[in-house]
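Undergrad: below is the structure, and that's it, no one-letter string:
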């Protein structure tokens with residue numbers, strides 16, 4: 001049996017020969033016959049070139065056991081709209097997507113939101129971390145909706161404030177209709193709060209958030225957890241994205257519970273959620289322990305950007321810590337997702353002597369990741385230790 005290559009059948013020259021060879025006209029001389037054959041030849045070249053152009057611009061396939069299958073691809077990166085035959089007149093004339101925008105990233109067949117046009121909700125906007133993030137978020141996104149219980153008056157042109165208590169389930173229905181994604185920072189922070197004081201704002205409110213996200217058809221959420229979710233681990237312990245919670249306080253425990261809500265919502269509702277165990281976010285590094293957990297607002301904003309627009313799907317847990325010496329967290333998972341910190345903790349020391357200090361493992365606030373959050377009631381700590 002003679003092998004057949006279907007590529008020969010669609011080549012322009014073969015298409016022309018096939019068409020011309022079947023024409024029922026007199027092949028003798030004469031101006032009329034010559035003109036007719038010339039017209040048919042030109043049309044054949046045009047049709048053959050069109051078929052070839054279309055074939056070359058189709059997605060590549062591989063053949064397995066005689067069956068042609070599309071190559072699997074979970075993430076399709078952006079690519080220019082120029083086809084492989086760009087530069088030829090016929091390719092510009094026949095290309096169907098002429099003038100179309102660049103292809104958008106895809107996840108599971110759905111386009112990833114373009115961050116330049118994204119509208120983002122930021123809860124906890126008046127907190128210490130929220131205040132540092134605002135300049136970066138309003139630069140990155142088309143619109144930022146700020147939520148807090150107290151009014152915000154220094155609004156930029158693309159910022160809008162909507163008041164409300166996140167502990168009220170109905171507040172989410174006022175916050176979500178005009179946004180594409182959520183950055184959830186709001187919560188009660190501190191080592192001295194009781195379970196009753198932290199449960200509703202840190203845990204129950206997170207449940208209501210994800211239920212509202214499902215109802216409103218949103219897909220992307222960045223959930224702000226904390227390194228205090230693993231605060232009772234000693235600083236010498238290996239800590240990464242697979243580390244189970246060891247909370248150092250009711251605050252850390254309720255934030256860890258919020259992580260479980262995020263995991264469940266991502267699995268059950270097919271959401272894309274990034275839980276970030278945030279280190280110490282500030283403009284400067286005040287002491288030795290936070291030298292190893294410090295994160296700049298710029299690096300946190302870039303990690304949030306990855307959570308809102310990156311190619312990953314489902315739930316992912318990462319840590320927010322900049323380029324720190326001997327970091328307390330192995331953040332290889334964030335690096336694998338494409339994140340790169342830009343700022344060095346050593347460049348932001350309050351006192352250069354901090355770089356030479358060493359922890360004293362006999363002191364609980366220097367032995368545990370959680371610092372003074374992990375100090376028990378019968379233990380004491382030195383002055384100046386904080387989150």
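TA: Sure, I can see it. Keep in mind that what you see is a predicted model, and the values were worked out from it rather than measured.

Undergrad: any regions of the stretch 251-387 of the chain where pLDDT drops low?
TA: 380-387 (pLDDT under 70).

Undergrad: helices along that one, start to end?
TA: Secondary structure of the stretch 251-387 of the chain (DSSP state H, counting those that start in this stretch): helices located at 297-309, 332-337, 364-367.

Undergrad: what residues of stretch 128-143 count as buried?
TA: 129-130, 132-134, 136-138, 140-141, 143 (16 or more other C-beta atoms under 10 Å). All C-beta spots, glycine's among them, are computed from the backbone N, C-alpha and C.

Undergrad: possible to save the residues you listed as TSV with pLDDT?
TA: Converted to TSV, the buried residues of stretch 128-143 look like this (pLDDT from 0 to 100):
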residue	pLDDT
129	97
130	96
132	97
133	97
134	97
136	96
137	96
138	94
140	93
141	95
143	95
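
Undergrad: if we can go back for a sec, between the helices of the stretch 251-387 of the chain, which gets nearest to residue 322?
TA: Minimum separation from residue 322 across the helices of the stretch 251-387 of the chain (C-beta to C-beta) falls at helix 297-309, 4.6 Å.

Undergrad: which other helices and strands does that closest one contact?
TA: Packed against helix 297-309, as judged by 3 or more C-beta pairs under 8 Å, 6 or more residues apart in numbering; DSSP states H and E, are the following elements: helix 128-140, strand 181-184, strand 220-226, strand 272-278, strand 315-320, helix 332-337.

Undergrad: of those, which approaches residue 287 most closely?
TA: helix 128-140 (16.4 Å).

Undergrad: can you spell out which helices and strands pack onto the closest one?
TA: Counting by 3+ C-beta pairs under 8 Å, 6+ apart, helix 128-140 packs on strand 119-123, strand 143-148, strand 280-281, helix 297-309.

Undergrad: including distance to residue 195, could those go into a markdown table?
TA: Output for these, formatted as a markdown table (distance: least, C-beta to C-beta, whole Å):
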| stretch | distance to residue 195 |
| --- | --- |
| strand 119-123 | 21 |
| strand 143-148 | 24 |
| strand 280-281 | 24 |
| helix 297-309 | 28 |
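
Undergrad: for residue 199, find the nearest of those.
TA: That would be strand 119-123 among those, by C-beta to C-beta, at 17.2 Å.

Undergrad: who does that closest one pair with, and is each partner parallel or antiparallel?
TA: strand 143-148 (parallel), strand 181-184 (parallel) (DSSP bridges).

Undergrad: what mean pLDDT does it have?
TA: When pLDDT is averaged over strand 119-123, the result is 97.

Undergrad: just stretch 158-177 next, same as before
TA: Per-residue scores along stretch 158-177 average to 94.

Undergrad: what does it rub up against?
TA: With C-beta atoms under 8 Å, 6 or more residues apart in numbering as the test, stretch 158-177 has contacts from 121, 123, 125, 134, 138, 141-152, 155, 182, 186, 200-201, 204-205, 208-209, 211-213, 215-216, 218.

Undergrad: make it 7 Å
TA: 121, 123, 138, 142-149, 151-152, 155, 186, 200-201, 205, 208-209, 212-213, 216, 218 (C-beta atoms under 7 Å, 6 or more residues apart in numbering).

Undergrad: same check, this time on stretch 336-352
TA: Here stretch 336-352 makes contact (C-beta under 7 Å, 6+ apart) with 283-286, 291, 294, 296, 298-299, 302-303, 306, 310, 312, 316, 322-325, 355.

Undergrad: cutoff 6 Å now
TA: 284-286, 291, 294, 296, 298-299, 303, 306, 312, 322-324 (C-beta atoms under 6 Å, 6 or more residues apart in numbering).

Undergrad: of these - the most surrounded one?
TA: When neighbours are counted by other C-beta atoms under 10 Å, residue 294 leads these with 29 neighbours.

Undergrad: so how far is residue 118 from the closest residue to that one other than its chain neighbours?
TA: What sits nearest to residue 294 in space, not counting adjacent residues and going by C-beta to C-beta, 6 or more residues apart in numbering, is residue 345, at 4.4 Å. As judged by C-beta to C-beta, to the nearest Å, residue 345 and residue 118 stand 30 Å apart.

Undergrad: now residue 337
TA: 18 Å.

Undergrad: Throw the strands paired with strand 119-123 into JSON lines and include distance to residue 227, thanks.
TA: Output for the strands paired with strand 119-123, formatted as JSON lines (distance: least, C-beta to C-beta, whole Å):
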{"stretch": "strand 143-148", "distance to residue 227": "23"}
{"stretch": "strand 181-184", "distance to residue 227": "17"}
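
Undergrad: from the ones you listed, which stretch is densest packed?
TA: By mean neighbour count, with neighbours taken as mean count of other C-beta atoms under 10 Å, strand 181-184 ranks first of the strands paired with strand 119-123 at a mean of 26.

Undergrad: where in the stretch 101-250 of the chain is pLDDT low?
TA: For the stretch 101-250 of the chain, the ranges with pLDDT under 70 are 101-116.

Undergrad: just checking, residue 313 touches residue 272?
TA: Yes. In this structure, residue 313 is within contact of residue 272 by C-beta atoms under 6 Å, at 5.3 Å.

Undergrad: next up, the contacts around residue 353.
TA: With C-beta under 6 Å, 6+ apart, residue 353 has no contacts at all.

Undergrad: tell me how far it lies from residue 285.
TA: Distance from residue 353 to residue 285, by C-beta to C-beta: 12 Å.
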